[in-house]
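Undergrad: coords please:
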Amino acid sequence: MRVSLRVRLAIGLALTVLSFGVVLLVGLAVSYLPVFAAIDDIVEEVTEEITPLHELQRMLLLAAMPVNDYQILPDPAERAEFARLGAAVERAFAAANVPAIDDPTESEMLASARRSWREARELGELLLAGPPAPDESAPAADMRRFDALITDAVGLLDQAQVAARRELDADVARIRGLKESAFRWLLGAIGLGLVAAFLVAVALAGSILEPVGALREGARRFAADDFRHRVRWRGHDEFADLARTFNRMADEIAQDREVLEGLALRDPLTGLLNRRGFEARLAEEVGRCRRYGRPLSLAMLDLDHFKKVNDTYGHPVGDEVLAAVAARLTAGMRGNDIAARYGGEEFIVLLPETTAEAALTVAERLRRRLAETPVATAAGRALPVTVSIGVAAFPGVGEGAEALIAAADRALYAAKEAGRNRVVRAGPAERGGET
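TA: Coordinates of the predicted model:
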């Protein structure tokens, strides 16, 4: 049965003097109503600012897919899909531009993201109107610019969410101060009533201070970025409602935080995906290949004799070489290829919609591109760079992402054993011999 806090207080206050009741009720009104209002402000801010920005990022990434898919398989239906998703992105921008966004910096970021999107939309419509772009053509440069504009818009929305988060942090600090003030008001009110009704005051303290302490602890943990903490409270009164509201708010912000952390999956030296980010994308692509029966290939690259570069010229020069190789890999990839620094001097390139034969061609082109031009370092040295490459295709080398990586790694080892500066393909039944 629901027994509200006000009913319990009325029963207790009936046993005490009128002055105690007046002081306690005034204390509750002055202390807790601002707390409720402040928490409602946070929930409203999360709902009206961060959630629409997150939805807008998701729609932007979805809208980029038809243009990229069209470059792989020129299906006219991708034009209509792009138009549909473009309209959805415009609606998402309209939904994100709400009056609650009163920070000029956040508003400017949102406006800049919208400008990048509209430029990308015009460029996407031009790309979809023509034939797929060859690797070195002007349309290919347009495709890269299209992807860069989408990435820029998503990054600006990341910054807008950071700005919104600063507002949330200020609100959380305000709640903490309000709760401390509320605690002092309650202690004063209970102290005045102890003379007239000590036992009643003890009962009231037990029913009030426990949820207040739980909420105060929740606010403190929340302000310390511990979004896993949840307020635990049994019952069906107003404090239980407040605890549930607080927990829902924490759930929503924790989800947004996970999304932001998921975007920080880049290698700081090369700007490519790091191993964690690449493995997540690989799992997605393997799942897509299984669902739709599409080909997927993987190229694993290792710089030949890279230890000698570090030992001879030092690690700063080695870092220059790694960054230059990453830049050449990016320049030599197709629009939907995914490159990552897998670890040390190892790189890995995911080739969606690519058969093993086509992957060999792409890998050989990358190998020649790297071997033909030495890397110019800041010290004026021109260092020759070659790579050994192992290629594997899915399906055909195992049941999943781990098997695909393992097969490409074996093929890479075979390339090194065969003399380096070459491409070796992993076969369906490869067991460490010629691949």
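Undergrad: scan this protein for its longest helix.
TA: As assigned by DSSP state H, the longest helix anywhere in the chain is helix 138-194.
Undergrad: who does it touch, helix- and strand-wise?
TA: When contacts are defined as 3 or more CB pairs under 8 Å, 6 or more residues apart in numbering; DSSP states H and E, helix 138-194 sits against helix 18-45, helix 51-72, helix 104-129, helix 198-223, helix 238-263. In this view, the C-beta of every residue, glycine as well, is placed from N, C-alpha and C.
Undergrad: check these for me: which has the lowest mean pLDDT.
TA: Lowest mean pLDDT of those: helix 18-45, a mean of 64.
Undergrad: can you list the domain ranges for the chain.
TA: Following automatic domain parsing, the chain resolves into domains at 5-261, 275-425.
Undergrad: could I get the ones you listed as CSV with mean neighbour count and distance to Pro268?
TA: As requested, the domains of the chain are arranged in CSV below (neighbours: other CB atoms under 10 Å; distance: least, CB to CB, whole Å):
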stretch, mean neighbour count, distance to Pro268
domain 5-261, 17, 15
domain 275-425, 19, 10
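Undergrad: so which of the ones you listed gets nearest Asp267?
TA: domain 275-425 (4.3 Å; CB to CB).
Undergrad: and that closest one, average pLDDT?
TA: Averaged over domain 275-425, pLDDT sits at 92.
Undergrad: picking that back up, let me know the angle separating the longest helix of the chain from helix 51-72.
TA: Helix 138-194 and helix 51-72 meet at an angle of 160 degrees, taking axes from the mean of the first three to the mean of the last three CA atoms, to 10 degrees as the criterion.
Undergrad: quick one: average pLDDT of helix 138-194?
TA: 79.
Undergrad: could you confirm Ala339 falls within a helix?
TA: No. Counting by DSSP: H, G, I helix; E, B strand; the rest coil, Ala339 is not part of a helix but strand.
Undergrad: what pairs with it across the strands?
TA: Counting by DSSP bridges, Ala339 is bridged to Val349.
Undergrad: correct me if wrong: it contacts Gly277.
TA: No. Counting by CB atoms under 8 Å, Gly277 is not a contact partner of Ala339; they are 10.9 Å apart.
Undergrad: need the overlap of contacts for these two.
TA: Shared contacts of Ala339 and Gly277, defined by CB atoms under 8 Å, 6 or more residues apart in numbering, are absent.
Undergrad: nearest residue to Asp75 in space, please, no chain neighbours.
TA: Among residues not flanking Asp75 along the chain, Asp69 sits closest, at 7.3 Å (CB to CB, 6 or more residues apart in numbering).
Undergrad: ok, back up a step: got TSV for the domains of the chain, with distance to Leu269 too?
TA: Formatted as TSV, these follow (distance: least, CB to CB, whole Å):
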stretch	distance to Leu269
domain 5-261	19
domain 275-425	6
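Undergrad: three-state assignment of Gly427?
TA: Classification of Gly427 using three-state DSSP returns coil.
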